[in-house]
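Colleague: next input, structure requested:
(chains A, B and C)
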Amino acid sequence: MMKKLSMATALCALTAGAGFAQGIDVKLGVLNDRSGTYADLSGEGSAVATRMAVEDFGAAEKGINVEVISADHQNKPDVGSNIARQWYDVDGVNAIIDVPTSSVALAVADITAEANGVLLDSGAGSTSLTRDQCQPTTVHWTYDTAALANGTGGAVTKAGGKKWFFLTADYAFGHSLEENTMAVVKDNGGEVVGNVRHPFPSQDFSSYLLQAQGSGADVIGLANAGGDTVNAIKQASEFGITQAGQSLAALLMFVTDVHSLGAETAQGLNLTEAFYWDQNDATREWSARFEEQMGAKPTMVHAGAYSATMAYLAAVEALGSAEDGRAIVAKMKEMEFDDPLFGKVTVRGDGRAIHDMYLFEVKSPDQSEGEWDLYNQISSISGDDAFLPMLEECDFTKK
Amino acid sequence: MSMQQTEIAAASPAVNDAGMSPLHKMIFLVLLAFLLVLPFVVYPVFAMKIMCFALFAAAFNLLLGFGGLLSFGHAAYFGGASYVAAHAAKVWGLTPELSVLCGAAAAAFLGLVIGALSIRRQGIYFAMVTLAFAQMVYFFALQVPFTGGEDGIQSVPRGKLFGLISLENNISLYFFVLALTFAGILFLYRVVHSPFGQVLKAIRENEPRAISLGYNVNRYKLIVFVLSATFAGLAGAIKSQVFQLASLTDVHWAMSGEVVLMTLLGGMGTVFGPLLGAAIIVTMQNYLATFGAWVTIIQGVIFVIGVLLFREGIIGVISRWLKRPL
Amino acid sequence: MGQLLLGLINGAFYAILSLGLAVIFGLLNIINFAHGALYMAGAFVAWMLLNYVGIGYWPALILSPLIVGAFGILLERTMMSRLYKLDHLYGLLLTFGLALIIQGLFRNYYGISGLPYQIPSQLSGGQNLGFMFLPNYRGWVVVASVVVCFGTWFMIEKTRLGAYLRAATENPALVGAFGVNVPLLITLTYGFGVGLAGFAGVLAAPIYSVNPNMGADLIIVVFAVVVIGGMGSILGAIVTGYMLGIVEGLTRVFYPEGSAVVIFVIMAIVLLIKPEGLFGKEAR
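Modeller: Purely as a prediction, here's the structure:
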């Protein structure tokens, strides 16, 4: 293995940049939550999606030998950084894929830069990855809190939901989602009438919902994730909050969460995603293949792992080597991708992947024709509007 | 080695083994030799993680195995110190050895405050009080800004030892960690086998008798509590230097549970048990990570089997076979 | 006012769970760390009954606790019975391990995002009480919990069977000498305590999403409730359960971030001032 690697390196050194792609060894590590809150929306599904990408890219035919390994970071930064270090230092991993949970993603981003690997992040939402903690080896593919805030927050405020009350998970991710959305709401002429921060994770939201109800807000923004969001929505419906005229805006929600709530409870909810399985023929075809292996429809995180891997492999093929992470990411920033799942994608100088985001509404039970037939697409938001503008100091193409 | 045998020693029956027995000396030497070679065989960061947890478990064992006090809140000192050390290194720009000392000092202070309040209770109540305080420390860590919430303190610089030797290299850091943890473990060993340790044993076995012999039981308990907290803190502080990270994981109550698991698996009240227990658990977590959800199940099964069949822990069982304390 | 009521509803869950824990501790001297996992199992059994067998909420409310209880009896007979003569610590560790296994298994088969379970149609909707909107189902939770808790209290304190139980707690050998089958009594008690957890699980299923982690964080809070009430005190567990539900509810209004920690603050204070707990009989 080591011999093969060094031979490949030698070969690449000779042919660097010439577009040769003979016998390149690539090792991809899918690092995500396989047992906790995010196991369903990332987990094994992301590994499956990555392997599908390797196959669909035709890596073997193009002389790229790809090996995919995976591990569970348990949503703990220390576990995640330990695995990442070991992968780079010992196992010869070239790129780490997925990494949900912002705290872990930020830790892995640092290690990746140190090791000159590549981080293809699909699962995490923190804007810090491409802002205050930006790295030349980070590519942030699928979504971030700002895009979610712009999508859901902007659309709901424009549609007349002017007064907002925030129900926020009391941790950094919740705070940043809240902060981003508040800014968007105010920009669109709305106002924030109050907020309450609940411990993470929580089971019972009735008390906070009652406070939200008493605030006289039009919209209750849920700046939390996973089980917290699901429980909050469930209980809002129980307490008749939506029936009484207030609407809910789930700022981060995945199709698996909606599935777990059921259309009955979740109907009418607005949410923003980068991908939905039932958008067009290409997404349907891919999602059907994914479902065969996983028994569930893919989330946008799975789709992101797939298309980020495709883009990465394209850059590797163009460079003829997977050794230099900085060069690969720089190459990705030069290229333009026409992805079956995400459409046109470019990678900005700071590592932020720019693609369209979509605003969806959850269907009512009589509209829904199957357990996964859950969304109506309301509008699409162009990538330039969805994501925050790039920070000058994070533009690595200029350095 | 016997210069500390003062008049207290005379009151303790088993004081003869205060010096290091030849068997223990041999094991320590073999262990040291093994650890000197280890970083060239396995991944150094992994080896450093084992050493941190070995020190943590040894510190915990001092309290549980020799002091007879089950604390269910040791994560507070481990994690608290790791935050302080990380902060010291990153924000104050201190050198590694000073940062680590800062962390340990913070843990000692925390141990003094919590210990002074907790030792007035016994058994399960003691465990619950320590748990309650640990939950408060966790809450504090979550709320105050300097800890960075659930992101933790990231990219802590490894810095230069005494301002001279760079620890960026894994191998040089390894020897720094090895020196600290090994010294820590030897110190704990020395404490256990000192007259002080003998008094502790006496208190554990029969508290009323120790009182009637004229010992200030609460003072002894407090000292052992603070010592245990300090070394748990030292372990946490080192960990934050190794991983360049201090996070909520280290203060969460599950971490308190983990150290109990390590100590019991290896054998509580033994010298080498906690070290082995820590090595096994860390190795398991490392190599089972790919199994995903099965990790918790496997851990659970080990717990159950351990409690049902090997209550003395692995070293405890071996020590019974050999008929020698280990 | 509304917040007080909500606190009471949460207290209802704490009360049932801590009651089960207190009963088990009182008789078996085991701190049942698997209680949260079995509460979760109760909710899952209800979901499985509905989705695999087509049995609805009301029968599940009886069946699910029975199934969980039977499972508990199996655990008690095969494992816990070996530990009675040992330190509390081992019982705690064993049940901690069991909790990990149970949670892990459910996680592997059902994933983590949770499964939907609808509120029974008889109890959907709610009442407008003037100061707040009270969902019928939550009202039912309080009623069910009060009935079960005080029913249990009555059984233990006032009936003959309860007298055996209490006597067996004090002196198992003596009670055995009177011809009472003490091991059987112990087994059934464990089954009953665990069944209570299962019952709470079914009650919770329609409100919270049915997911494998639902008991993991609850257990440590419930544990604190039992300690505050006084280990092994039945009435203490019930009253403290409701009381802490209310205290927590109020904290959510005035200092929401602190609602997760307030119970531990109270626990520390109570233990330092009155170590036997609010309703405990003797200091240890």
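Colleague: verify the stated contact: C:Ala237 with C:Gly229.
Modeller: Yes - using CB atoms under 8 Å, C:Ala237 makes contact with C:Gly229 at a distance of 4.6 Å. (Glycine included, C-beta is placed from N, CA and C.)
Colleague: give the buried residues for the lengthiest helix in chain B.
Modeller: Taking DSSP state H as the assignment, the helix of chain B that covers the most residues is helix B:217-243. Using 16 or more other CB atoms under 10 Å in any protein chain shown as the test for burial, helix B:217-243 gives B:217, B:220-243.
Colleague: filter the residues you listed by proximity to chain A?
Modeller: B:239, B:243 (CB under 8 Å from any CB of the partner chain).
Colleague: name the helix or strand for the nearest residue to C:Leu27 once chain neighbours are set aside, please.
Modeller: Distances taken as CB to CB, 6 or more residues apart in numbering or on different chains put C:Thr189 closest to C:Leu27, at 4.7 Å, once the chain neighbours are dropped. For C:Thr189, the element it lies in under DSSP states H and E is helix C:182-204.
Colleague: mind checking how far that helix is from the chain centre?
Modeller: Counting by CA atoms, centre = their mean, to the nearest Å, helix C:182-204 is centred 9 Å from the centre of its parent chain.
Colleague: returning to that earlier point: what is in contact with C:Ala237 and C:Gly229 at once?
Modeller: C:18, C:22 (CB atoms under 8 Å, 6 or more residues apart in numbering or on different chains).
Colleague: tell me which of these two has more neighbours.
Modeller: Legend: neighbour count by other CB atoms under 10 Å in any protein chain shown for C:Ala237 and C:Gly229, higher for C:Ala237 (34 against 30).
Colleague: quick one: the strands in chain B?
Modeller: For chain B, the strands defined by DSSP state E occupy B:160-161, B:165-166.
Colleague: what's the most buried one of those?
Modeller: strand B:160-161 (a mean of 15; mean count of other CB atoms under 10 Å in any protein chain shown).
Colleague: could you spell out the sheet neighbours of that strand, each with its direction?
Modeller: strand B:165-166 (antiparallel) (DSSP bridges).
Colleague: name the residues of chain A found near chain C, please.
Modeller: Checking chain A against chain C by CB under 8 Å from any CB, the hits are A:35-41, A:170, A:196-199, A:201-204, A:206-208, A:210-211, A:213, A:226-227, A:230-231, A:234-235, A:238-240, A:244, A:256-257, A:259-262, A:264-265.
Colleague: and B:Leu31, what does it touch?
Modeller: So B:Leu31 contacts B:Leu275 (CB under 8 Å, 6+ apart).
Colleague: swap that for C:Leu98, please
Modeller: B:300, B:303-304, C:33-34, C:37, C:75, C:79.
Colleague: most neighbours out of these, which is it?
Modeller: Neighbour-wise, the contacts of C:Leu98 (other CB under 10 Å) top out at C:Ala37, 30 neighbours.
Colleague: element containing that one, please.
Modeller: helix C:35-48.
Colleague: and the following helix or strand past that helix, what's buried?
Modeller: As assigned by DSSP H and E, the chain's next helix or strand after helix C:35-48 is helix C:57-78. Neighbour counts over helix C:57-78 (16+ other CB under 10 Å) mark C:57, C:60-61, C:63-65, C:67-69, C:71-73, C:75-76 as buried.
Colleague: same deal with stretch A:368-383?
Modeller: In stretch A:368-383, counting by 16+ other CB under 10 Å, buried: A:368, A:372, A:374-375, A:381, A:383.
Colleague: repeat that for stretch B:311-319.
Modeller: In stretch B:311-319, counting by 16+ other CB under 10 Å, buried: B:311-316, B:318-319.
Colleague: which other residues reach that stretch?
Modeller: Residues outside stretch B:311-319 that contact it (CB under 8 Å, 6+ apart) are B:263-270, B:272-273, B:276-277, B:280, B:306, B:310, B:320, B:325-326, C:86, C:90.
Colleague: those residues: which ones sit near chain A?
Modeller: Okay, of the contacts of stretch B:311-319, nothing touches chain A (CB under 8 Å from any CB).
Colleague: okay, now the unreliable bits of the stretch 201-326 of chain B?
Modeller: B:289-293 (pLDDT under 70).
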